[in-house]
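**Q** When you get a sec, could you give me coordinates for this:
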Amino acid sequence: MNVVDAHCHVISQDLTRYPRSPIGGKQSEWAESRPVTADGMAARMDEAGIRQGVLVQATTAYGYDNSYVLDSTRRRPDRFVAVGTFDPLRPDAASALEAATGDGGLAGVRLFTSGSTVPVQGEWFAAPETFEFWEKAGELDVTVCLQMRLGPATKQLQEVLERFPGVRVLLDHIGYPGIAASPAAAGSEVAELARHPGLHLKLTHRNLERLLDAGKEAAGFLEPVLEAFGAGRIAWGSNCPAAEQSLPELLRLAEEVLADLPESAREEIFAGTARRLYPSLAHPAEPGAAESSAKRQAAG
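**A** Numbering: from 1, shown residues only. Predicted coordinates for the structure are as follows:
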């Protein structure tokens, strides 16, 4: 089966060229203890049989400095696209977004409002100061990944989706729904959000592990979510190496949980959705193309 990993992280060993600058000044445990370089990620993808990957900025290692994911995708545009962390509150957010996602730039951006080093859910992503950012994201047709938790910020998410219905929002880890407590209740909560056509879901090990533990009750989550969103609005991501398992193990976990779905649905979740969210994955450049283009522009 053709597979795209819609959520993996890379960290360089070169601390001089790519100094650590974690968001909030605190580096995550996984970024410190099990970092993986872009070359290492490509090797792991080969082992797992994964052709392409979305390099999502390791915010808890680099903060808003997207240099490494950008340099990595420019070296291997056939293999990777980059999603960089972005600050929508900056005064020049609209123009900065256009510059960051221009030719050879980021394929998408990520707003990190909650996570391993940010325990309190931020609501700033829906503040009026961000409206120009959201408007420009819709105008540019740029996918915005949103790292947040449903419940504490569901209201703010809905406000953004209603105000900017043309923006594509990809909800990291499906917003950490409470599957362990009640798959059915969590499924109902997520399914209700499908009325916003721009919202897409990123299915990762943080959801899949809970679904595997739920056994037959996992259907209480999967069935309403799939019926409401359709497989075409769901993308699988490994979260490697933030996840402790190996990349082949993470892929097998997803395949096991989704084994009963029709082949067409699995094809969408494992590749099709990601390629629509990031169109350059469907038409990858050859290795070295970005460097050659840059040299031609400099010479001209």
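**Q** Sketch out the low-pLDDT regions of this structure for me.
**A** Scanning the chain for pLDDT under 70 picks out 286-300.
**Q** for the nearest residue to G122 once chain neighbours are set aside, what are its contacts?
**A** Distance criterion Cβ to Cβ, 6 or more residues apart in numbering; nearest residue to G122, sequence neighbours excluded, is T113 at 4.1 Å. Where C-beta positions appear, they are placed from N, C-alpha and C, glycine not excepted. Contact analysis of T113 by Cβ atoms under 8 Å, 6 or more residues apart in numbering lists 121-125, 146-148, 153.
**Q** ok, now V56?
**A** 7-9, 69, 83, 110, 145, 237.
**Q** Take those and lay them out in TSV including secondary structure.
**A** Shown next, in TSV, are those (DSSP: H, G, I helix; E, B strand; the rest coil):
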residue	secondary structure
H7	strand
C8	strand
H9	coil
V69	helix
V83	strand
R110	strand
C145	strand
G237	coil
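**Q** Selecting buried members of those in PyMOL, what would you type?
**A** In PyMOL, this line selects whichever of the contacts of V56 come out buried by 16 or more other Cβ atoms under 10 Å:
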select buried, resi 7+8+9+69+83+110+145+237
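**Q** can you list the contacts of V56 in TSV and add distance to F229?
**A** Output for the contacts of V56, formatted as TSV (distance: Cβ to Cβ, whole Å):
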residue	distance to F229
H7	17
C8	22
H9	25
V69	27
V83	20
R110	20
C145	16
G237	16
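**Q** Now do the residue nearest to G122 against A214, distance only.
**A** For T113, the distance to A214 equals 27 Å [Cβ to Cβ, to the nearest Å].
**Q** picking up where we left off before, the contacts of V56: which two are farthest apart?
**A** Farthest pair in the contacts of V56 (Cβ to Cβ) is V69 and G237. Separation: 14.4 Å.
**Q** Quick one: the strands in the stretch 151-300 of the chain, in order.
**A** Secondary structure of the stretch 151-300 of the chain (DSSP state E, counting those that start in this stretch): strands at 169-171, 199-203, 234-236.
**Q** starting at the chain centroid, how far to the longest one?
**A** Averaging C-alpha coordinates over strand 199-203 and over its chain gives two centres that are 9 Å apart (Cα atoms, centre = their mean, to the nearest Å).
**Q** Could you list the residues in contact with that strand?
**A** 6-7, 143, 145, 161, 168-174, 190, 193, 225, 229, 233-237, 254, 269, 273, 277.
**Q** among the strands of the stretch 151-300 of the chain, which is the most enclosed?
**A** Each of the strands of the stretch 151-300 of the chain was scored by mean neighbour count; the highest is strand 234-236, a mean of 27, by mean count of other Cβ atoms under 10 Å.
**Q** residues making contact with that strand?
**A** 3-6, 170, 200-204, 225-226, 254, 268-270, 273-274, 277.
**Q** next one: stretch 129-147
**A** So stretch 129-147 is in contact with 56, 59, 83, 86, 88-89, 93-94, 97-98, 101, 107-115, 124-125, 157, 160, 163-164, 166-173, 200, 202, 277-278, going by Cβ under 8 Å, 6+ apart.
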